[in-house]
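# pasting the structure only:
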């Protein structure tokens, strides 16, 4: 079975440029999460979706960040304009809805390493 | 405000010895805790979990202990092996419900020396 697929794996861009990260969740999973990994904050939740609807975007650092999920098999995280402090590894994760027994266990993609010069 | 804290950024142990990774949390509403393991250039993968109704859960070489009164959990790996070298993330959540989400700590880099 295919896992969570992210692209690109690596992105190097210059400050001010637009960056778009992409994610394909595991088929049948109802939830999709975007996390950012930095040394200082570890794995930081940015936003998550349930059935393609954004549920909580309180972790999005500022208006330069936006995320969409136009359908159940695709999501994007966009940064416009990008800044050097956005350099990090961005992870997408998904999980099914297990109702009251839901433990929140996530399945992660391999991440997109972003470097903003 | 970091709700889940891993105060040791790194830990080095000898092969065959015990590795103990610690995690503290502040939110008393958390009732389910997970450990994830991450190798370089890969995504985190689930390792072991524990519900707040238990104080211990064991899976092979890995055991997680939960002390609810202290809001503290620990992961024990025994015996440690070089292949265990990775970053370990502690995570916490409220079980069930549409709003449950994993809150992660900053991670601990474990190095197991041959």
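Sure thing, it's come through. These numbers were taken from a predicted model, which means no experiment stands behind them. Residues are numbered from 1 along each chain as shown, chains lettered A, B, ... in the order given.

# what's the distance between residue A:95 and residue A:76?
Using C-beta to C-beta, to the nearest Å, one gets 19 Å for the distance from residue A:95 to residue A:76. Just so you know, the C-beta spots here come from the backbone N, C-alpha and C atoms, and that holds for glycine as well.

# With neighbour numbers in mind, choose between these two.
Counted by other C-beta atoms under 10 Å in any protein chain shown, residue A:95 and residue A:76 do not tie: residue A:95 has more neighbours, with 22 against 15.

# Might one say that that one is in contact with residue A:105?
Yes: using C-beta atoms under 8 Å, residue A:95 is in contact with residue A:105, at 6.3 Å.

# Quick one, grab the pLDDT at the most centrally placed residue in chain A.
In chain A, the residue lying closest to the centroid (C-alpha atoms, centre = their mean) is residue A:34, at 2.6 Å. Residue A:34 is assigned 97 on the pLDDT scale.

# quick one: the closest residue to it other than its chain neighbours from residue B:111, how far?
Spatial nearest neighbour of residue A:34, excluding adjacent residues (C-beta to C-beta, 6 or more residues apart in numbering or on different chains): residue A:46 at 4.4 Å. The gap separating residue A:46 from residue B:111 is 29 Å, by C-beta to C-beta.

# Next: residue A:14.
35 Å.

# same deal with residue B:56?
According to C-beta to C-beta, residue B:56 stands 26 Å off from residue B:111.

# need the contact list for residue A:7.
Contact analysis of residue A:7 by C-beta atoms under 8 Å, 6 or more residues apart in numbering or on different chains lists A:21-22, A:112.

# any idea which of those residues is the one closest to residue A:10?
Distance to residue A:10, by C-beta to C-beta, is smallest for residue A:112 among the contacts of residue A:7, at 7.4 Å.

# Correct me if wrong: the closest one contacts residue A:9.
Yes: counting by C-beta under 8 Å, residue A:9 is a contact partner of residue A:112 at 6.3 Å.

# Specify which residue of those two has the higher count of neighbours.
Neighbour comparison, residue A:112 and residue A:9: the larger count goes to residue A:112, with 22 against 12 (by other C-beta under 10 Å).

# Can you show me the strands along chain B?
Counting by DSSP state E, one finds strands in chain B at the ranges B:4-5, B:10-14, B:19-25, B:32-38, B:45-51, B:56-59, B:62-67, B:72-77, B:86-93, B:103-104, B:108-113.

# same deal with chain A?
Going by DSSP E, chain A shows strands at A:5-7, A:10-13, A:19-24, A:31-38, A:42-50, A:53-56, A:65-71, A:74-79, A:88-95, A:107-108, A:112-116.

# Ok, which of those strands comes nearest residue B:47?
For the strands of chain A, distance to residue B:47 was read as C-beta to C-beta. The smallest value, 12.4 Å, belongs to strand A:107-108.

# No more questions from me, cheers.
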